[in-house]
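**Student:** Coordinates for the following, if possible.
(one chain, ligands or ions: 2)
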Amino acid sequence: MTAYERQRILLRAADLLEKHNDELAALETWDNGKPYEQAAKIEVPMLVRLIRYYAGWADKIHGLTVPADGPYHVQTLHEPIGVAGQIIPWNFPLLMFAWKVGPALACGNTIVLKTAEQTPLSALYAAKLFHEAGLPAGVLNVVSGFGPTAGAALASHMEVDKLAFTGSTDTGKVVLELAAKSNLKPVTLELGGKSPFIVCEDADVDQAVELAHFALFFNQGQCCCAGSRTFVHESVYDEFVEKAKARALKRVVGDPFKGGIEQGPQIDSDQFEKILRYIRSGVESGATLETGGDKLGNKGFYIQPTVFSNVKDGMLIARDEIFGPVQSILKFKDLGEVVQRANNTRYGLAAGVFTTNMDTAYTLTRALRVGTVWINCFDTFDAAIPFGGYKMSGQGREKGEYSLKNYLQVKAVVNPLKNPAWL
Ligand SMILES: NC(=O)c1ccc[n+]([C@@H]2O[C@H](COP(=O)([O-])OP(=O)(O)OC[C@H]3O[C@@H](n4cnc5c(N)ncnc54)[C@H](O)[C@@H]3O)[C@@H](O)[C@H]2O)c1
Ligand SMILES: CC1=C(/C=C/C(C)=C/C=C/C(C)=C/C=O)C(C)(C)CCC1
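**Tutor:** Numbers count the residues shown, from 1 in each chain. Ligands and ions are numbered 1, 2, ... in the order given. This is a model prediction of the structure:
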């Protein structure tokens, strides 16, 4: 198929996804428990925008003419890699589908995508719309299945040419090993995080409190890039803790299909129990429980928005990815110290930096070993902005132009020139 035809199918698919915004959002909320308003007003529109973005790339992918030492005509062809295996998690089923499918289709690959067992519905519906838009049968295949069976089969398949995985760091290691042991397929990984959110002494405290709250509690705390270590300068610490507690107490938790709801239930009983265990560990290790600390009601997997202050670096709640609505606030004295502590983790996905001084912002930006730094903002996920991790938070980048190279092979073509007029 020509690049132009691929582009037109992607644009038609985006139109259909947009037309079915509300059904897609309802499926997402049924599956995942996230507030319907969030799915309908933010996430489905972001999915549509991302598919249009990659439609734009489809006819702009091409190789180079390369000057070599000698009488050669040398060119590179950018070819599709082949069959892309893609494994996605349950926290943003539609957005993760888009980040994977958009660049792979723009580059002309075929896909076998496995959804998370908790959230199979929305990707099936979205794939149906891609086919309605004209995608030939067999190009985009969505498999509903469990990790150790369906996921592992994809990772170890000899005829899958590339693997893209998003999920936990532990499972990332498993799929990388399966890829290596089978056909050495290249693997991109988007894994866990323990992202610092740094509030400097000159920050606007009210704005920082609101954004730190959003950075952690958004999506029930189930974000790989959640700002899960809130570092606050000692000069504004007491005021910040008081206000962070007040904000968490105001958080509206309940039925995700109701209007005005900020937080729905956690994804399943495993995650629910795991989060409650982390909360108990925070209390036992001596952190101060400012608010929350328990489940909410007796029906469903709702958890009270929880804030710990007086958190120390060595505590489990400051080290592990909790993936729930549990904010940990830590005190710091100076920039050198906070850089060292923020970087003292196996993860390196993202960071938030709150300051009104651009020198401070740039010092922190250059010193932090993370894939994204948000300065005086958080969770800005434009289609064009690359996203990915340093260290054990992942390999490779998704979104933006960077994602294309995950789905392309480069072929060098070398041809001697008989009578070169010039080189
Ligand atoms: N980075 C993220 O966006 C993200 C998303 C979800 C969960 N997590 C983290 O992972 C923790 C556990 O959640 P989880 O168990 O759902 O994550 P997971 O990593 O086990 O699951 C992610 C995906 O991998 C698949 N999978 C699981 N085992 C596999 C295997 N052996 N081979 C191939 N595929 C496999 C799953 O079916 C799912 O599709 C969470 O508490 C959180 O810390 C991170
Ligand atoms: C709610 C909301 C936003 C959306 C954030 C999103 C959709 C974040 C996605 C995070 C992902 C995909 C994390 C990966 O684990 C905006 C646009 C910042 C504006 C403010 C309100």
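**Student:** I'd like to know how far the nearest residue to Gly254 once chain neighbours are set aside sits from ligand 1.
**Tutor:** With C-beta to C-beta, 6 or more residues apart in numbering as the criterion, Gly254 has its nearest non-adjacent residue at 5.1 Å, and that residue is Ile261. For the C-beta atoms, the positions are set from N, CA and C on the backbone; glycine is no exception. Separation of Ile261 from ligand 1 (C-beta to the nearest ligand atom, to the nearest Å): 22 Å.
**Student:** Likewise for Val353?
**Tutor:** 21 Å.
**Student:** so which strand or helix has that residue?
**Tutor:** Using DSSP states H and E, Val353 falls within strand 350-354.
**Student:** Using PDB, write out every CA atom in that strand.
**Tutor:** What follows is strand 350-354, C-alpha atoms only, in PDB (Å, rounded to 0.1, in the frame of the first residue of the first chain):
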ATOM      1  CA  ALA A 350      10.000  11.600  34.800                       C
ATOM      2  CA  ALA A 351      10.300  14.500  37.200                       C
ATOM      3  CA  GLY A 352       8.400  17.600  38.100                       C
ATOM      4  CA  VAL A 353      10.300  20.800  39.000                       C
ATOM      5  CA  PHE A 354       8.600  23.700  40.700                       C
END
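**Student:** Would you give the sheet partners of that strand, along with the direction of each?
**Tutor:** Paired with strand 350-354 in the same sheet, following DSSP bridges, are strand 196-199 (parallel), strand 372-375 (parallel).
**Student:** Let me know the next secondary structure element after that strand.
**Tutor:** That would be, after strand 350-354 and using DSSP H and E, helix 358-367.
**Student:** List the buried residues of that next one.
**Tutor:** 360-361, 363-364, 367 (16 or more other C-beta atoms under 10 Å).
**Student:** again with stretch 348-356
**Tutor:** 348-355.
**Student:** Redo those residues as TSV? Include distance to Thr119.
**Tutor:** Formatted as TSV, those follow (distance: C-beta to C-beta, whole Å):
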residue	distance to Thr119
Gly348	27
Leu349	21
Ala350	23
Ala351	28
Gly352	27
Val353	32
Phe354	33
Thr355	37
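**Student:** Determine the three-state secondary structure at Phe323.
**Tutor:** coil (DSSP: H, G, I helix; E, B strand; the rest coil).
**Student:** is it true that it touches Leu216?
**Tutor:** No. Under the criterion of C-beta atoms under 8 Å, Phe323 makes no contact with Leu216, lying 10.9 Å away.
**Student:** ok, those two, which is more surrounded?
**Tutor:** More crowded of Phe323 and Leu216, by other C-beta atoms under 10 Å: Leu216, with 30 against 24.
**Student:** And that one, what's its pLDDT?
**Tutor:** For Leu216, the model assigns a pLDDT of 98.
**Student:** For it, which residues are in contact?
**Tutor:** 197, 226-228, 230, 325-327 (C-beta atoms under 8 Å, 6 or more residues apart in numbering).
**Student:** can you rerun that using 6 Å?
**Tutor:** Listed by C-beta atoms under 6 Å, 6 or more residues apart in numbering, the contact partners of Leu216 are 226-228, 327.
**Student:** And Lys274, by the same measure?
**Tutor:** By C-beta under 6 Å, 6+ apart, Lys274 has no neighbours at all.
**Student:** In the one helix or strand it maps to, which residues are buried?
**Tutor:** Using DSSP H and E, the element containing Lys274 is helix 269-284. Using 16+ other C-beta under 10 Å as the test for burial, helix 269-284 gives 271-272, 275-276, 278-279, 282.
**Student:** What about the contacts of Leu216, which are in strands?
**Tutor:** Gln327 (DSSP state E).
**Student:** Output the contacts of Leu216 in TSV; the columns should cover pLDDT.
**Tutor:** Below are those laid out as TSV (pLDDT from 0 to 100):
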residue	pLDDT
Ala226	98
Gly227	98
Ser228	98
Gln327	98
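**Student:** Am I right that the residue nearest to Gly254 is in contact with Pro35?
**Tutor:** Yes. Ile261 sits in contact with Pro35 when judged by C-beta atoms under 6 Å, with a separation of 4.8 Å.
**Student:** ok so, going back, residues shared between the contacts of Phe323 and Leu216?
**Tutor:** By C-beta under 6 Å, 6+ apart, no residue touches both Phe323 and Leu216.
**Student:** Run through the strands of the stretch 101-250 of the chain in chain order.
**Tutor:** 110-115, 140-144, 162-166, 187-190, 196-199, 229-233 (DSSP state E, counting those that start in this stretch).
**Student:** Dump those into TSV; add mean neighbour count and distance to ligand 2 as well.
**Tutor:** As requested, these are exported to TSV (neighbours: other C-beta atoms under 10 Å; distance: least, C-beta to the nearest ligand atom, whole Å):
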stretch	mean neighbour count	distance to ligand 2
strand 110-115	22	15
strand 140-144	18	19
strand 162-166	26	8
strand 187-190	23	8
strand 196-199	28	14
strand 229-233	26	16
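**Student:** Now stretch 32-46: buried residues?
**Tutor:** Buried-residue list, stretch 32-46, by 16+ other C-beta under 10 Å: 32-40, 43-44, 46.
**Student:** Quick check on Ile303: phi, psi?
**Tutor:** Per-residue torsions, Ile303: phi -130, psi 140 (degrees, to the nearest 10).
**Student:** For Leu417, the count of nearby residues, please.
**Tutor:** 13.
**Student:** do the same with Leu191
**Tutor:** Leu191: 26 surrounding residues under other C-beta under 10 Å.
**Student:** residues contacting it?
**Tutor:** Leu191 sits next to 169, 172, 393-394 when contact means C-beta under 6 Å, 6+ apart.
**Student:** Closest residue of this structure to ligand 2?
**Tutor:** Ligand 2 sits closest to Cys224 of the chain, with a gap of 3.7 Å, by C-beta to the nearest ligand atom.
**Student:** what's near enough to touch that residue?
**Tutor:** By C-beta under 6 Å, 6+ apart, the residues touching Cys224 are 192-193.
**Student:** picking up where we left off before, go through the contacts of Leu216 and name the one nearest Val209.
**Tutor:** Minimum distance to Val209 across these is 10.5 Å, recorded for Gln327 (C-beta to C-beta).
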